[in-house]
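>>> 3D model of this:
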Amino acid sequence: MFTFNCKGKLLVLDQPLVMGIINVTPDSFYEGSRYTGVDAILRQAERMLNDGADILDIGGQSTRPGSGQVTAEEEVKRVTGGIEAINEKFPGAVISIDTYYSLVAKEAIAAGASLVNDISGGSMDTKMISTIAGLQVPYILMHMKGTPQTMQQSAKYENVVKEVLDFFILKVNELHKAGINDVIVDPGFGFGKNISHNFELLRNLSIFKMLECPVLVGISRKSTIYKTLGITDDGAMGHF
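Numbering: from 1, shown residues only. So this is what the prediction gives:
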């Protein structure tokens, strides 16, 4: 069992938890996860919390394959109002900010978020790790090969499970040395991986227990599911 202090909100990971995704963007990969305007964000947050979501993950820019990149300043403008509104209306909600910018992480935590979800593992902003250490919040460390713009061209591995595990061993050690003790690892399904890689990681998920960190699995609405089943992304919702 893991117990994380999320800025005074206790997150107990003694069973699988559900993360609800609210994208404050015009172009995230799944249209049904996009919300703009505080009222729409609050309605969706309430719906997710009522449906049993344990964490609300707010993202201010798309990280789908080939997506464009927005500035940290623009991302701050997109996410802080919604985070403040959720925190005020649902003060017990645990909010994570999905960003690879240290500035966005800092401003989002100030607005009421209490975890940082970084798809880049600190590789796209050299100040991210020191920022998280200073903020003293849990950190979601994801594996991605390349960047959102190039990752699907980088999807080449000799042994995807070994490569992802080796990455986590090195990075978790680096985070601990920096003073970040509450780490969640995310193998990054679909981020620089093809369908075969994703299923290989899923089959070997138990290997990551050796890291002694919780594991986040993000495959809801992913093409690995709906292309394999021959359905639409609307029917490919997963709960983990």
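>>> can you pull the contacts of the nearest residue to residue 187 once chain neighbours are set aside?
In this structure, residue 187 finds its nearest non-sequential neighbour in residue 201, 4.8 Å apart by C-beta to C-beta, 6 or more residues apart in numbering. C-beta: built from backbone N, CA, C; applies to glycine. By C-beta atoms under 8 Å, 6 or more residues apart in numbering, the residues touching residue 201 are 160, 161, 164, 187, 189, 193.
>>> the residues you listed into TSV, with extra columns for pLDDT?
Converted to TSV, these look like this (pLDDT from 0 to 100):
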residue	pLDDT
160	96
161	98
164	97
187	97
189	93
193	91
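>>> mind checking which of the residues you listed are in helices?
Judged by DSSP state H, the subset of the contacts of residue 201 located in helices is 160, 161, 164.
>>> contacts only, for the second one.
In this case it means residue 161. Residue 161 touches 200, 201, 204, 207, counting by C-beta under 8 Å, 6+ apart.
>>> on the three-state scheme, the second one is what?
Using DSSP: H, G, I helix; E, B strand; the rest coil as the criterion, the local structure at residue 201 reads helix.
>>> how close does it get to residue 6?
27 Å (C-beta to C-beta, to the nearest Å).
>>> what's the answer for the first one, then?
Counting by C-beta to C-beta, the gap from residue 200 to residue 6 is 32 Å.
>>> now stretch 100-119: mean pLDDT?
The average pLDDT within stretch 100-119 is 98.
>>> span of it from start to end?
One end of stretch 100-119 to the other measures 6 Å (C-alpha to C-alpha, to the nearest Å).
>>> ok, the residue nearest to residue 163 when sequence neighbours are not counted - contacts?
Distance criterion C-beta to C-beta, 6+ apart; nearest residue to residue 163, sequence neighbours excluded, is residue 157 at 5.3 Å. Contacts for residue 157 (C-beta under 8 Å, 6+ apart) come out as 145, 163, 193, 197.
>>> the chain: helices as residue ranges?
Under DSSP H, the chain gives helices at 38-50, 72-89, 102-111, 128-135, 160-178, 195-203, 223-229.
>>> tabulate those in CSV, adding columns for distance to residue 21.
Shown next, in CSV, are the helices of the chain (distance: least, C-beta to C-beta, whole Å):
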stretch, distance to residue 21
helix 38-50, 9
helix 72-89, 13
helix 102-111, 15
helix 128-135, 21
helix 160-178, 22
helix 195-203, 18
helix 223-229, 15
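>>> output the below-cut-off pLDDT ranges for the protein.
Flagging of the chain using pLDDT under 70 yields the residue ranges 27-36, 64-67, 149-151, 154, 221-240.
>>> chain center to stretch 72-84: distance?
Put simply, stretch 72-84 sits 16 Å off its chain's centre (C-alpha atoms, centre = their mean, to the nearest Å).
>>> buried residues, that stretch. List them.
72, 75, 76, 78, 79, 80, 82, 83, 84 (16 or more other C-beta atoms under 10 Å).
>>> what's the nearest residue to the last one if we skip its chain neighbours?
Counting by C-beta to C-beta, 6+ apart, residue 111 is the residue found nearest to residue 84 once chain neighbours are left out, at 4.8 Å.
>>> is that neighbour in contact with residue 86, as I believe?
No: in this structure, residue 111 is not within contact of residue 86 by C-beta atoms under 8 Å, at 9.3 Å.
>>> more crowded one of those two?
The neighbour count for residue 111 versus residue 86, taken as other C-beta atoms under 10 Å, is higher for residue 86 (25 against 20).
>>> OK, contacts around the nearest residue to the more buried one once chain neighbours are set aside?
Using C-beta to C-beta, 6+ apart and skipping residues adjacent in sequence, the residue nearest residue 86 is residue 45, 4.9 Å away. Contact partners of residue 45, counting by C-beta under 8 Å, 6+ apart, are 20, 22, 56, 86, 89, 90, 93.
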